[in-house]
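> Below: sequence and its predicted model.
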Amino acid sequence: MTSRDAAQLLLHTQDLASVFDRPGTDALARYPNFYSGLTFEHFYSYYQRHVKAELDTTTGLSTLRVRTFRADDSQRIAKALIAAAEQLVNEMNERQRENTISASRKERDLAIERLRGVNSQIDSYRNEIAMLDPQRQSQPLLTDIAGLETMKMATRVQLEQLQHSTPDSPLIPVLKRRMAAFDQEITHSSSRVTGGKDTLVPKISGYEDLLFQRQLLEREVSAADAALDAARIQADRQQLYLEEVTKPNRPDYAAYPRTLANIAIVFATMLALYLMGALLVSGAREHKSV
């Protein structure tokens with residue numbers, strides 16, 4: 001409130017120069033006057049004598065005093081200074097809040113960007129292997145292999161029973177051919193699952209690796225988002241506030257000039273000078289008479 005910035009702001013928004021140069025005011029008290037300069041530094045020195053902001057360290061309250069030639073001007077300037085101070089506090093809060101949460105937001109954004117990269121890799125991998133989900137699409141094939149194994153086992157049991165009970169049964173060759181067909185089909189189906197780079201195993205492994213990376217990044221994004229929320233809460237707790245205990249009052253009467261006090265001071269000063277002069281004259285006469 002007593003800074004150069006505040007004085008500059010009031011010059012532009014409240015026409016402060018005319019406030020201190022009202023027509024009909026004391027020529028010695030107004031600005032500019034015959035003994036002061038016309039630079040901004042001279043005006044600022046005058047401004048500091050008429051605008052006072054004092055902090056009571058015991059209560060933590062600040063008191064603003066504005067002295068002008070008119071009551072309305074003093075109230076208006078005081079309100080403008082409080083509004084400017086409140087705006088400054090809000091700007092400080094915004095900068096502090098942004099500084100507090102910017103690092104957390106940056107970490108969250110980086111995690112999201114990495115997650116998007118992994119999702120893009122998953123899409124490219126699906127196009128490369130021409131499969132939407134190798135894990136799910138391999139389930140029918142594995143189910144077929146399991147079914148063939150079950151039928152093969154049942155055929156083997158039946159074949160062993162026939163060989164034991166009726167070795168000359170004509171069904172034995174049929175069951176053996178069926179066993180061979182099962183083995184051939186199982187081998188063919190299994191070759192699609194394992195056995196080379198074009199089988200399902202490496203495709204599933206590559207897909208699971210990408211899914212694992214995505215899960216890790218999803219957790220990282222969740223943690224970063226929680227950290228960002230915590231940073232916002234912490235920033236809100238650290239905000240500064242400007243609270244008006246009392247609003248700028250319009251004075252009922254002028255505090256200056258203090259007429260009676262000034263007259264008394266002048267009278268006392270002149271009396272003291274008169275007495276000093278009288279004493280000096282009396283002393284000089286006594287010295288001559290001696």
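Received it, and whenever you're ready, just let me know what you need. Numbers count the residues shown, from 1 in each chain.
> Would you confirm that residue 206 contacts residue 125?
Yes: between residue 206 and residue 125 there is a contact under C-beta atoms under 8 Å: 6.3 Å. Using the backbone N, CA and C atoms, a C-beta is placed for each residue, glycine as well.
> got a list of what residue 1 touches?
51, 53, 64, 81, 84, 85 (C-beta atoms under 8 Å, 6 or more residues apart in numbering).
> Please list the members of the residues you listed that lie in strands.
51, 53, 64 (DSSP state E).
> Are any of those buried, and if so which?
The neighbour-count criterion (16 or more other C-beta atoms under 10 Å) marks 51, 64 among the ones in strands among the contacts of residue 1 as buried.
> Could you export the ones in strands among the contacts of residue 1 as JSON lines, including pLDDT and distance to residue 226?
Listed next are the ones in strands among the contacts of residue 1 as JSON lines, based on pLDDT from 0 to 100; distance: C-beta to C-beta, whole Å:
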{"residue": "51", "pLDDT": "90", "distance to residue 226": "48"}
{"residue": "53", "pLDDT": "88", "distance to residue 226": "42"}
{"residue": "64", "pLDDT": "88", "distance to residue 226": "43"}
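> got the residue ranges for the helices in the chain?
Residue ranges of the helices in the chain, as given by DSSP state H, are 4-13, 16-19, 40-50, 71-129, 134-165, 171-193, 200-237, 259-289.
> The first one: how far from the chain's middle?
Averaged C-alpha coordinates place helix 4-13 at 29 Å from its chain's average position (C-alpha atoms, centre = their mean, to the nearest Å).
> got a list of contacts for that helix?
Counting by C-beta under 8 Å, 6+ apart, 16, 17, 40, 43, 44, 47, 51, 77, 80, 81, 84 sit against helix 4-13.
> one more time with 10 Å
Helix 4-13 has contacts (C-beta atoms under 10 Å, 6 or more residues apart in numbering) with 1, 3, 16-19, 40-41, 43-44, 46-48, 51, 53, 76-77, 80-81, 83-85, 87-88.
> how about stretch 172-181: buried residues?
For stretch 172-181, by 16+ other C-beta under 10 Å, it's 175, 178, 179.
> How about stretch 160-174?
residue 162.
> so how far is that stretch from its chain's centroid?
84 Å.
> Give me the distance between the residue lying closest to residue 47 once chain neighbours are set aside and residue 54.
Once flanking residues are discounted, residue 47 sits nearest to residue 7: 4.8 Å by C-beta to C-beta, 6 or more residues apart in numbering. Noted for residue 7: a distance of 18 Å to residue 54, by C-beta to C-beta, to the nearest Å.
> Those two: which is more packed in?
residue 7 (19 against 10; other C-beta atoms under 10 Å).
> got the contact list for residue 154?
Residues residue 182 are the ones in contact with residue 154 under the rule C-beta under 10 Å, 6+ apart.
> Spatially central residue in the chain, please.
residue 98 (2.9 Å; C-alpha atoms, centre = their mean).
> Number of residues surrounding the closest residue to residue 52 other than its chain neighbours?
For residue 52, ignoring the flanking residues on the chain, the nearest one in space by C-beta to C-beta, 6+ apart is residue 65 at 4.4 Å. By the criterion of other C-beta under 10 Å, residue 65 has 12 neighbours.
> what sits against the residue lying closest to residue 80 once chain neighbours are set aside?
Once flanking residues are discounted, residue 80 sits nearest to residue 14: 5.1 Å by C-beta to C-beta, 6+ apart. Residues near residue 14 by C-beta under 10 Å, 6+ apart: 73, 76, 77, 79, 80, 81, 84.
> And residue 135, by the same measure?
Here residue 135 is in contact with 200, 203, 204, 207, 208, 211 (criterion: C-beta under 10 Å, 6+ apart).
> let's see it at 7 Å
204, 207 (C-beta atoms under 7 Å, 6 or more residues apart in numbering).
> from memory residue 210 sits against residue 123, does it?
No: Residue 210 is beyond contact range of residue 123, at 9.9 Å (criterion: C-beta atoms under 7 Å).
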